[in-house]
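Q: Quick check, what structure comes out for this input:
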Amino acid sequence: MTIIEAEQIAHVKLYWSYIKNIKNPSEAVKLAAVKQDGFAILYIRNPSEAVQLAAVAQNGHVIQYIDNPSEELKLVAVTKHGRAIQCIKNPSEEVQLAAVTQSGWAINHIMYPSERVKIIAELCKEYP
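A: Numbering: from 1, shown residues only. This is a model prediction of the structure:
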């Protein structure tokens, strides 16, 4: 790691939005920024899968800013933040189940939940 890269990492750890001022940030700088705040992904062009995963792990709702998120990415988003399901178009039953398991109230953001998803959601509302 260079001194410049270390300084950039220090800056984005303090002020995640500083990444928008860095031309061609390294992968380490990008990761530091999204780990500080997932919304930093808004300032990163063509984020790698690792950067995307770190961003949604920090804040599941940022999945809405990722083009064509993978199934794994969707699962990470809702496993940490169940209500992030509202940001996912046509979630699979597996993603729906992960969301309602994390928060039974996520059911309110699922357009057509299966009976299985409804049952799990009710159980998770009762036993958080």
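Q: Spatially nearest residue to the residue nearest the centre of the chain (excluding sequence neighbours)?
A: The residue lying closest to the centre of the chain (CA atoms, centre = their mean) is Val56, at 1.4 Å. Sequence neighbours aside, Ala77 is the residue nearest to Val56 in space, at 4.2 Å (criterion: CB to CB, 6 or more residues apart in numbering). (Each C-beta comes from the backbone N, C-alpha and C, glycine too.)
Q: With only the CA atoms kept, save the host helix or strand of the one you found in PDB.
A: Here Ala77 is covered by helix 71-80, with elements defined by DSSP states H and E. The C-alpha coordinates for helix 71-80 follow below in PDB (Å, rounded to 0.1, in the frame of the first residue of the first chain):
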ATOM      1  CA  GLU A  71     -29.000 -13.800  -6.000                       C
ATOM      2  CA  GLU A  72     -26.100 -13.900  -3.500                       C
ATOM      3  CA  LEU A  73     -26.200 -10.100  -3.300                       C
ATOM      4  CA  LYS A  74     -29.900 -10.100  -2.700                       C
ATOM      5  CA  LEU A  75     -29.600 -12.700   0.000                       C
ATOM      6  CA  VAL A  76     -26.900 -10.700   1.800                       C
ATOM      7  CA  ALA A  77     -29.000  -7.600   1.600                       C
ATOM      8  CA  VAL A  78     -32.100  -9.100   3.200                       C
ATOM      9  CA  THR A  79     -30.300 -11.300   5.600                       C
ATOM     10  CA  LYS A  80     -28.800  -8.200   7.300                       C
END
